[in-house]
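Colleague: sharing a sequence plus its predicted fold:
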Amino acid sequence: MDALMLARVQFAFTISFHIIFPAITIGLASYLVVLEGLWLKTRNPVYRSLYQYWLKIFAVNFAMGVVSGLVMAYQFGTNWSGFSEFAGGITGPLLAYEVLTAFFLEAGFLGVMLFGMQRVGPGLHFMSTIMVALGTLLSATWILASNSWMQTPVGHEIIDGVVVPVDWFRVIFNPSFPYRLTHMVLAAFLATALLVAGSAAWHMLRGNASDAVRKMFSMALWMLLVTAPLQAVVGDFHGLNTMKHQPAKLAAIEGHWENQPGEAVPLTVFALPDMEAETNRYAVEIPYLGSLILTHSLDGQFPGLKEFPRDERPFVPLVFWSFRVMVGLGLLMITLALWGTWARWRRRLYEPRSRRLWRFALCMGPAGLVAILAGWFTTEVGRQPWVVYGVMRTADAVSPHGAFEVGLTLAIFIVVYFMVFGAGTVYMLRLIRRGPEEEGSSSPAGGPGEPRTPARPLSAATDRGEHETAPGSAADGRRGAAWEST
């Protein structure tokens, strides 16, 4: 691989790690708002128990998201200095707006949210949770505005070889921004709902069907029932927008090479795209369906890949299959939502006869995150060979490094990421495995005079008992025996 390909692989690797954590953060923050709001309204201790349970997981995930996000910002300067010099007049301010709004908002209220439930009034604490959730949505807004401008650039002029913004409203609210923002936020909600449902299903399969576990399983399935079909509708609108503004990407998604005069475009379900021969091997097609989905008519046509120069086509096999992975998982999400609704209607949602539903929900736990990654690959690889679509090629954006330097840093990233974020993910899964605590058994909030005093946000995720236990004590021995039996 040359330096360009290695730089692309490095960016893809780091952003694939990073995008998972903000997605969970966005979904969990809004879920925590709902849980605390329901607790304040009903005073049902189950909602408070669930809030404290998912707050710990949120704290760990938030910390990993911040750390992985810092790397992304530095890479614009280290690996993509050509892009930063050319388009920094737009992407730089958009990232700065994220810091000035989303990060400052989260920093101002995160501490109160994590440690202030027993120190401030319930109204102020609830407002803090809302502000943190709002901060996550603001962060997504600015990031998606920047990325959407790179996909559908408008509102700028190129002066002396540099992009200069002339209309910030058009830059931010570019043609693809509303669809990308809605699609990403819904994807975050879906991924979180599947994570919650999978966690609840795991506990029920192990015999823990407490009120809190049942409640979070029920809430997750309701969220899936609403957002999964809605995501399919938003995805359809997003596809129509892509056909209008990025036709080469859409042709790669569909594996569509050329139109036959007067013939409808079939939907290619399965194929092995051959870019050299400009055809699909072993294609399985459904007649007329491609035209019906993308043009909403039985005989409509859209541009094929052969209408674009070879050097302006994305890597078709990856775009073709990543899109199908995303859509296939989306259909399974809808299936899970409908199955859960049927079980609820038959009053079997929590009965042992629904163990197959629980297993399905457990298997679908990571499906939302996998679908996000597949959709991200479709979006970013489908934009190639452009870093700013139709304006700047990726080859012109890379820094003048050699392959050795980029390859060495990529290897270091791989080792460090799997160590740091692997350990963080394992710890987060340990917290999920513990399950919600019964009301009255939760650890104290800490602070002066309390058994523990948190010193950093990650302290909110401690999984120690109510009081610190000295090594070698009887309680410590019981804990060790419990771990061995587990």
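Modeller: On my side now, so go ahead.

Colleague: residue 284 in helix, strand or coil?
Modeller: strand (DSSP: H, G, I helix; E, B strand; the rest coil).

Colleague: OK, contacts around it?
Modeller: Shown in contact with residue 284 (Cβ atoms under 8 Å, 6 or more residues apart in numbering): 268-271. All C-beta spots, glycine's among them, are computed from the backbone N, C-alpha and C.

Colleague: just list whatever residues bridge to it.
Modeller: Going by DSSP bridges, residue 284 is paired in beta bridges with residue 270.

Colleague: picking up where we left off before, which of the contacts of residue 284 are buried? Put it as a PyMOL command.
Modeller: Buried residues among the contacts of residue 284 (16 or more other Cβ atoms under 10 Å), as a PyMOL selection:
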select buried, resi 268+271
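
Colleague: pLDDT and distance to residue 337 added to the contacts of residue 284, as JSON lines?
Modeller: Shown next, in JSON lines, are the contacts of residue 284 (pLDDT from 0 to 100; distance: Cβ to Cβ, whole Å):
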{"residue": "268", "pLDDT": "90", "distance to residue 337": "27"}
{"residue": "269", "pLDDT": "91", "distance to residue 337": "23"}
{"residue": "270", "pLDDT": "92", "distance to residue 337": "25"}
{"residue": "271", "pLDDT": "91", "distance to residue 337": "29"}
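
Colleague: in JSON lines: the contacts of residue 284, plus distance to residue 38.
Modeller: What follows is these, written out as JSON lines (distance: Cβ to Cβ, whole Å):
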{"residue": "268", "distance to residue 38": "46"}
{"residue": "269", "distance to residue 38": "43"}
{"residue": "270", "distance to residue 38": "45"}
{"residue": "271", "distance to residue 38": "48"}
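
Colleague: of the contacts of residue 284, closest to residue 301?
Modeller: Distance ranking of the contacts of residue 284 against residue 301, using Cβ to Cβ, places residue 268 first at 14.6 Å.

Colleague: now whatever helix or strand residue 55 lives in: how far from the chain's centre is it?
Modeller: Using DSSP states H and E, residue 55 falls within helix 45-78. Counting by Cα atoms, centre = their mean, to the nearest Å, helix 45-78 is centred 12 Å from the centre of its parent chain.

Colleague: one more: stretch 210-217?
Modeller: Counting by Cα atoms, centre = their mean, stretch 210-217 comes out at 25 Å from the chain centroid.

Colleague: enumerate the positions of that stretch that are buried.
Modeller: Buried residues in stretch 210-217 (16+ other Cβ under 10 Å): 210, 212-217.

Colleague: what's the mean pLDDT across it?
Modeller: For stretch 210-217, mean pLDDT rounds to 91.

Colleague: show me what it is in contact with.
Modeller: Contacts of stretch 210-217 (Cβ under 8 Å, 6+ apart): 46-47, 49-50, 53, 196-197, 199-201, 203-204, 349-350, 361, 435-436, 438.

Colleague: next one: the longest helix belonging to the chain to chain centre, how far?
Modeller: Criterion DSSP state H: the longest helix present in the chain is helix 3-42. Helix 3-42 sits 5 Å away from the centroid of its parent chain (Cα atoms, centre = their mean).

Colleague: now that helix: mean pLDDT?
Modeller: Rounded mean pLDDT across helix 3-42 is 91.

Colleague: and residue 261, which of the three is it?
Modeller: Assigned by three-state DSSP, the conformation of residue 261 is coil.

Colleague: could you do the one 3 residues further on as well?
Modeller: Under three-state DSSP, residue 264 falls in the coil class.

Colleague: look up how far residue 423 lies from it.
Modeller: 53 Å (Cβ to Cβ, to the nearest Å).

Colleague: where along the protein do the strands fall?
Modeller: Taking DSSP state E as the criterion, the chain carries its strands at 156-159, 162-165, 267-274, 279-286, 386-388, 392-393.

Colleague: so which elements touch the fifth one?
Modeller: Looking back up the chat, that one is strand 386-388. Judged by 3 or more Cβ pairs under 8 Å, 6 or more residues apart in numbering; DSSP states H and E, strand 386-388 is in contact with helix 81-98, helix 122-151, strand 392-393.

Colleague: what angle do the second one and helix 81-98 make?
Modeller: Right, helix 122-151. Orientation check (axes from the mean of the first three to the mean of the last three Cα atoms, to 10 degrees): helix 122-151 against helix 81-98 gives 150 degrees.

Colleague: let the chain start at 23 from now.
Modeller: Okay, using 23 as the starting number, the last item reads as helix 144-173.

Colleague: how far off centre is helix 144-173?
Modeller: 14 Å.

Colleague: who does it touch, helix- and strand-wise?
Modeller: Short answer (3+ Cβ pairs under 8 Å, 6+ apart): helix 144-173 packs on helix 25-64, helix 103-120, helix 126-137, helix 190-194, helix 199-227, helix 389-405, strand 408-410.

Colleague: got TSV for these, with mean neighbour count too?
Modeller: Below are the helices and strands packed on helix 144-173 laid out as TSV (neighbours: other Cβ atoms under 10 Å):
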stretch	mean neighbour count
helix 25-64	20
helix 103-120	18
helix 126-137	19
helix 190-194	16
helix 199-227	24
helix 389-405	22
strand 408-410	22
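
Colleague: for those, which one sits closest to residue 356?
Modeller: helix 199-227 (10.3 Å).

Colleague: average pLDDT across the closest one?
Modeller: Mean predicted confidence for helix 199-227 is 94.

Colleague: for stretch 115-131, same thing?
Modeller: Stretch 115-131 shows a mean pLDDT of 88.

Colleague: distance between the ends of it?
Modeller: From its first residue to its last, stretch 115-131 covers 24 Å (Cα to Cα, to the nearest Å).

Colleague: contacts for it, please.
Modeller: With Cβ under 8 Å, 6+ apart, stretch 115-131 has contacts from 95, 149-151, 153-154, 156-158, 160-161, 163-165, 167-168, 171, 187, 193-194.

Colleague: one more: stretch 33-41?
Modeller: Contacts of stretch 33-41 (Cβ under 8 Å, 6+ apart): 87, 90-91, 93-94, 97, 101-102, 394-395, 398-399, 402, 432, 435-436, 439, 443.

Colleague: just the buried members of those residues?
Modeller: By neighbour count, with 16+ other Cβ under 10 Å, the contacts of stretch 33-41 hold 87, 90-91, 93-94, 97, 101-102, 394-395, 398-399, 402, 432, 435, 439, 443 as buried.

Colleague: residue 265: what's it in contact with?
Modeller: Taking Cβ under 8 Å, 6+ apart, one finds 272, 316, 324 in contact with residue 265.

Colleague: leaving out chain neighbours, which residue sits closest to it?
Modeller: Leaving aside its sequence neighbours, residue 265 sits nearest to residue 272 (Cβ to Cβ, 6 or more residues apart in numbering; 4.7 Å).

Colleague: what's the neighbour count on the one you found?
Modeller: 23 (other Cβ atoms under 10 Å).

Colleague: right, so the strands of the chain: which one is the most enclosed?
Modeller: strand 408-410 (a mean of 22; mean count of other Cβ atoms under 10 Å).

Colleague: list the strands paired with it, with their directions.
Modeller: In the sheet, strand 408-410 lines up against strand 414-415 (antiparallel) (DSSP bridges).

Colleague: off-centre distance for the partner strand?
Modeller: 27 Å.

Colleague: and if you look at stretch 328-342?
Modeller: Centroid separation for stretch 328-342 versus its chain: 26 Å, with Cα atoms, centre = their mean.

Colleague: okay, buried residues for that stretch please.
Modeller: Residues of stretch 328-342 classed as buried: 335-336, 338-342 (neighbour count, 16+ other Cβ under 10 Å).

Colleague: contacts for it next, please.
Modeller: The contact list for stretch 328-342, computed with Cβ under 8 Å, 6+ apart, reads 269-271, 273-277, 279-280, 290, 293-295, 297, 300, 327, 399-400, 403-407.
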